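[1] All I have is the shape, not the residue letters:
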Ligand code: DON
């Protein structure tokens, strides 16, 4: 059987193909001459499966899609406080190249608009890298996200630099507020090189999937950035990634995203997939026209909006029963699914309401596929309280899904690999 996913992508491309509205970016002469008919879409799952349709291996420049990744590098290299001191996280509601900074601090509003992205570029690399070392840090970092060595399109870079008056104006303003502390031309040169890195739609989907996969590239297996950085980056992509169209995007598509003026568009759906599209004609916001249509369709066809309310944790307690009789009896809470806060609360309630009369209690995790940190802490607190109430507690955990099962503070637990180990003697 053929997979349904590439066929779906081919069909979606067919539906938007006839839309020739919008124009390729005109302010970078090299981009203005790009083939406007190119069209591609790729899904990369968080377990490394890549599906594509159309022009998925055509190279084009990354442009503003580099911004969230360079912001991630700045956060990872310098730490949160030094970066937040220089770049805010508020949506500006303005165009990507607006010449505006926060009135009191002189900080750019966020790292997705040019002012913030130029500043984030200046913060990439630990210590004090030379401009060339900083560019290499950025290209190396973008390459790690993509899982292959990326290169710079020198022609596009030179073409943009010839007309970079607006970015230079922004950089000079940043310098006057001491947000930039070096020659503004050098930083704009490095930032423009960053924007001129060549990628394919396939690369972009893997880069987005790396964000969706908590910072681990799902194809290469490399941890590219730490998890707390991922959350920060996805948050600003969600609120600011589509510039002055961010509100429409957040409500209609609802996927943290970033666009680029060469026609690329990425979306990272946490825990699920990275999506990338490529089509060079842009709308007045500088976002790919057909890319936006494709994302609208993907989101509604497949329920990908991040605010889509997931099924409730109602069924986390699969059964609550007693095995054996008299002093031999054991209370078994058989759990299932993923255990987050809401699911753990349901388990706590079950334990409280049941108030087991049996001396022994087993929490059976055989059918649990994940447990997050708060779920783990709450479950271990249940174990501790049961111990203090005089119970002997077993944790049935054949796949070691519970990390470090140590309740502490007077709690005691016996971990076993099979429910039979605790019940077989009681059912005779
Ligand atoms: O700074 C610029 O003008 C470009 N090199 C990048 C802008 C961009 O991609 C805006 N996004 N849609």
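    That came through fine. Predicted, not measured: the structure shown is a model, and the values here were computed from it. Numbering: from 1, shown residues only.

[2] what separates the residue nearest to residue 34 when sequence neighbours are not counted from residue 10, distance-wise?
    Using CB to CB, 6 or more residues apart in numbering and skipping the chain neighbours, the partner closest in space to residue 34 is residue 280 (5.1 Å). Where you see a C-beta, it was placed from the backbone N, CA and C, and this is true even at glycine. Using CB to CB, to the nearest Å, we find residue 280 at a distance of 20 Å from residue 10.

[3] Between those two, tell me which one has more neighbours.
    More neighbours sit around residue 280 than around the other of residue 280 and residue 10, counting by other CB atoms under 10 Å; the figures are 25 against 13.

[4] quick one, phi/psi of that one?
    Residue 280 has phi and psi values of phi -70, psi -20 when expressed as degrees, to the nearest 10.

[5] That one and the ligand: what is the separation?
    Separation of residue 280 from the ligand (CB to the nearest ligand atom, to the nearest Å): 11 Å.

[6] wait, that residue sits on residue 26?
    No. Counting by CB atoms under 8 Å, residue 280 stays clear of residue 26, with 11.2 Å between them.

[7] A helix includes residue 275, no?
    No. In this structure, residue 275 is strand, not part of a helix, as judged by DSSP: H, G, I helix; E, B strand; the rest coil.

[8] I'd guessed it sits against residue 208; true?
    Yes. Assessed by CB under 8 Å, residue 275 is found in contact with residue 208 at 6.2 Å.

[9] What count of nearby residues applies to the nearest residue to residue 63 once chain neighbours are set aside?
    Beyond its immediate neighbours in the sequence, the residue positioned closest to residue 63 (CB to CB, 6+ apart) is residue 260, lying 3.3 Å away. Residue neighbour count, defined by other CB under 10 Å, stands at 28 for residue 260.

[10] and residue 260, what is it in contact with?
    Shown here is residue 260, whose contacts under the criterion CB atoms under 8 Å, 6 or more residues apart in numbering are 61, 62, 63, 64, 65, 66, 195.

[11] now do residue 75
    If you count contacts by CB under 8 Å, 6+ apart, then residue 75 has 83, 225, 229, 232, 233 around it.

[12] give me that answer again for 7 Å
    In this structure, residue 75 makes contact with 83, 229, 232, judged by CB atoms under 7 Å, 6 or more residues apart in numbering.

[13] Could you identify which of these has the most neighbours?
    Counting by other CB under 10 Å, top hit in those: residue 229 with 23 neighbours.

[14] Could you chop the protein up by domain?
    Residue ranges of the domains in the chain are recorded as 4-302, 312-423, according to automatic domain parsing.

[15] What I need now is these written out in JSON lines, including mean pLDDT for each item.
    Putting these into JSON lines (pLDDT from 0 to 100) gives the following:
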{"stretch": "domain 4-302", "mean pLDDT": "96"}
{"stretch": "domain 312-423", "mean pLDDT": "93"}
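
[16] which of those sits most buried?
    Neighbour counts (mean count of other CB atoms under 10 Å) averaged over each of these peak at domain 4-302, with a mean of 20.

[17] How far does it sit from its chain's centre?
    In terms of CA atoms, centre = their mean, to the nearest Å, the gap separating the centre of domain 4-302 from the centre of its chain is 13 Å.

[18] could we number from 651 for the rest of this?
    Sure, I'll start numbering at 651, so the last one becomes domain 654-952.

[19] Okay, now that domain: how far is its last residue from its first?
    Its first and final residues considered, domain 654-952 spans 13 Å by CA to CA, to the nearest Å.

[20] quick one, what contacts residue 1064?
    By CB under 7 Å, 6+ apart, the contact set of residue 1064 is residue 1044.

[21] Write out the residues of the protein neighbouring the ligand.
    With the criterion set to CB under 6 Å from any ligand atom, the chain comes near the ligand through 713, 714, 746, 747, 764, 810, 817, 845, 909, 910, 911, 936.

[22] Now, those residues that are in strands?
    Secondary structure assignment by DSSP state E places residue 909 of these in strands.

[23] residues in contact with the host helix or strand of residue 941?
    Here residue 941 is covered by helix 939-952, with elements defined by DSSP states H and E. By CB under 7 Å, 6+ apart, the list of residues contacting helix 939-952 from outside reads 662, 666, 669, 671-672, 689, 691, 902-905, 907, 913, 915, 917, 925, 927, 929, 931-933, 954-955.
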